[in-house]
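Asks: Below is the structure, and that's it, no one-letter string:
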């Protein structure tokens with residue numbers, strides 16, 4: 001797995017951190033696995049799936065060369081638990097101890113081998129999970145430019161949607177969503193600032209959960225926003241998401257936002273109840289739907305009602321205050337957070353500030369900026385810090401609009417347990433000229449800006465492309481939101497397996513409709 005080819009000191013060189021790992025895996029996979037333990041067997045099988053499937057979707061940046069050694073230790077340990085021996089893929093803005101760099105998709109961090117486990121990764125290891133490798137992402141978690149191509153990074157290239165290979169997987173947790181959808185693994189970790197877990201989960205037709213901000217540590221994760229960032233699960237089922245969350249949730253003394261996490265951490269998988277919709281009051285976010293999404297949304301609402309939920313119509317919501325202020329908050333927090341993070345990276349990383357990253361991109365524009373620029377980085381560099389009155393006003397305004405005057409007010413005024421609506425529209429085509437073209441729908445910014453939990457579960461398809469149903473609730477209502485989504489999932493059975501067509505237009509369902517009828 002050659003990572004990338006790029007120019008340093010004016011000459012091209014191949015970054016090939018993992019060629020030795022690939023050779024080692026080839027030998028190990030070819031060798032007889034006599035009396036292999038369950039962790040080893042699962043890991044070998046997962047590696048084989050990645051090697052077989054990933055060339056079509058480009059979801060995995062690198063396999064961890066220690067994966068089989070991890071599995072052997074786990075088999076010898078006698079550990080017990082739901083994640084023992086389970087292969088997990090980690091988004092490549094999250095640090096993992098070992099030889100793999102944490103790049104955030106940028107060539108500026110190609111030498112960022114920190115030999116640190118993010119606390120959430122350490123928790124996964126303690127639970128017996130195998131860290132299988134790193135997934136591709138939208139470079140810098142989609143914060144570099146407003147004209148980006150989701151799922152593209154200079155390190156990893158373009159990730160593709162397994163439901164139609166010319167379609168976008170959304171971002172920024174593109175590889176995590178696509179890898180789970182394609183069946184490479186059942187468990188992956190993504191991160192979200194606004195939509196970066198829920199959108200790729202929805203567009204790839206799997207489950208994604210953005211926890212309450214502060215339930216999961218952000219330490220040793222390349223940051224965007226201290227007020228909105230969180231990691232979370234991307235899985236095939238809600239039960240699997242709850243299993244992952246049960247392990248990665250918890251307080252971390254180095255992340256002040258998590259000081260209450262242990263108070264709200266439970267066994268989220270054990271708390272799932274297939275009857276939890278019975279008697280629940282759900283706010284129907286009509287403003288989050290579109291004509292494309294309405295048929296699938298109506299079918300989902302019928303399932304919710306049949307399971308005993310009371311549906312309360314919410315036809316409109318004014319989100320202008322969120323839209324006008326969120327960008328100002330993210331820009332200011334990005335500069336402060338990224339500068340602080342880069343200062344902790346190894347000396348081999350020469351970009352120690354946001355300003356130096358901007359300069360690096362300019363110096364390597366042919367590799368980094370041939371498809372889109374870095375105007376958001378430039379705007380962030382101009383910000384004046386978290387003490388700036390303009391930042392404070394923007395944060396207070398957007399937080400109130402999404403929280404006390406948003407989700408909290410909607411829940412209280414209508415005596416609701418949660419809000420439901422389409423997560424977002426179906427996937428758009430990968431477009432190297434115009435960048436992303438979101439197809440509309442969704443209200444995920446409410447939960448993202450407020451820092452509240454947001455679950456997306458497969459809802460159906462639009463002409464063969466998956467779309468998800470969102471469940472959002474109050475701060476720290478993570479267990480309740482997961483349980484409501486679980487009850488819907490168990491009744492709806494809306495998970496659709498990908499067929500890897502080159503395009504939707506070539507599928508048997510659509511191709512005849514595009515042909516001449518005479």
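Replies: The structure has been received and is ready for your questions. Quick caveat, the model's predicted, so the values are computed rather than measured.
Asks: Residue 304 touches residue 419, doesn't it?
Replies: No: taking C-beta atoms under 8 Å as the definition, residue 304 is not a contact partner of residue 419, at 12.0 Å. Where you see a C-beta, it was placed from the backbone N, CA and C, and this is true even at glycine.
Asks: The two: who's more crowded?
Replies: residue 419 (29 against 23; other C-beta atoms under 10 Å).
Asks: List the residues that contact that one.
Replies: Applying C-beta atoms under 8 Å, 6 or more residues apart in numbering to residue 419 gives the contacts 282-283, 285, 314, 407, 410-411, 443, 446, 470-473.
Asks: how about it, phi and psi?
Replies: Per-residue torsions, residue 419: phi -110, psi 140 (degrees, to the nearest 10).
Asks: ok, now residue 261?
Replies: The phi/psi pair for residue 261 (degrees, to the nearest 10) is phi -60, psi -40.
Asks: With residue 186 instead?
Replies: Torsion angles, degrees, to the nearest 10, at residue 186: phi -100, psi -20.
Asks: got it, and residue 424?
Replies: phi -170, psi 180.
Asks: any shared contact partners between residue 304 and residue 419?
Replies: Residues within reach of residue 304 and of residue 419 at once, by C-beta under 8 Å, 6+ apart, are residue 282.
Asks: In which helix or strand does residue 131 reside?
Replies: Assigned by DSSP states H and E, residue 131 belongs to strand 130-135.
Asks: Kindly report the same for residue 54.
Replies: Using DSSP H and E, residue 54 maps to helix 38-57.
Asks: who does that helix touch, helix- and strand-wise?
Replies: helix 19-30, strand 60-63, helix 67-77, strand 87-91, strand 130-135, helix 174-181 (3 or more C-beta pairs under 8 Å, 6 or more residues apart in numbering; DSSP states H and E).
Asks: three-state assignment of residue 481?
Replies: Of the three states, residue 481 takes helix according to DSSP: H, G, I helix; E, B strand; the rest coil.
Asks: what about residue 381, how many neighbours?
Replies: Residue 381 has 17 neighbouring residues, counting by other C-beta under 10 Å.
Asks: For the chain, give me the ranges with low pLDDT.
Replies: Low-confidence segments of the chain (pLDDT under 70): 1-34.
Asks: which is the next helix or strand following the longest helix along it?
Replies: Identified as the longest helix of the chain according to DSSP state H is helix 320-342. The helix or strand immediately downstream of helix 320-342 is helix 354-363, counting by DSSP H and E.
Asks: Contacts only, for residue 77.
Replies: Contacts of residue 77 by C-beta under 8 Å, 6+ apart are residue 128.
Asks: Tell me how far it lies from residue 166.
Replies: In this view, residue 77 and residue 166 are 44 Å apart by C-beta to C-beta, to the nearest Å.
Asks: can you list contacts of stretch 318-331?
Replies: Defining contact as C-beta under 8 Å, 6+ apart, one finds that stretch 318-331 is touched by 143, 193-194, 224-225, 227-228, 376, 379-380, 382-383, 390-391, 393-395, 397-398, 400-402, 406, 443, 445-446, 449.
Asks: mind listing which of these are in strands?
Replies: Judged by DSSP state E, the contacts of stretch 318-331 include no members of strands.
Asks: Out of those residues, which end up buried?
Replies: Buried members of these, counted by 16 or more other C-beta atoms under 10 Å: 143, 193-194, 224-225, 227-228, 376, 379-380, 383, 391, 394-395, 397-398, 400-402, 406, 443, 445-446, 449.
Asks: Among the residues you listed, which are located in helices?
Replies: 376, 379-380, 391, 394-395, 397-398, 400-402, 445-446, 449.
Asks: so what's the nearest residue to residue 175 once chain neighbours are set aside up against?
Replies: Leaving aside its chain neighbours, residue 175 sits nearest to residue 135 (3.0 Å; criterion: C-beta to C-beta, 6 or more residues apart in numbering). By C-beta under 8 Å, 6+ apart, the contact set of residue 135 is 59-61, 89-92, 173-176, 179, 188.
Asks: would TSV of these with distance to residue 493 be doable?
Replies: Listed next are those as TSV, based on distance: C-beta to C-beta, whole Å:
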residue	distance to residue 493
59	25
60	28
61	33
89	25
90	29
91	28
92	33
173	25
174	26
175	26
176	23
179	22
188	22
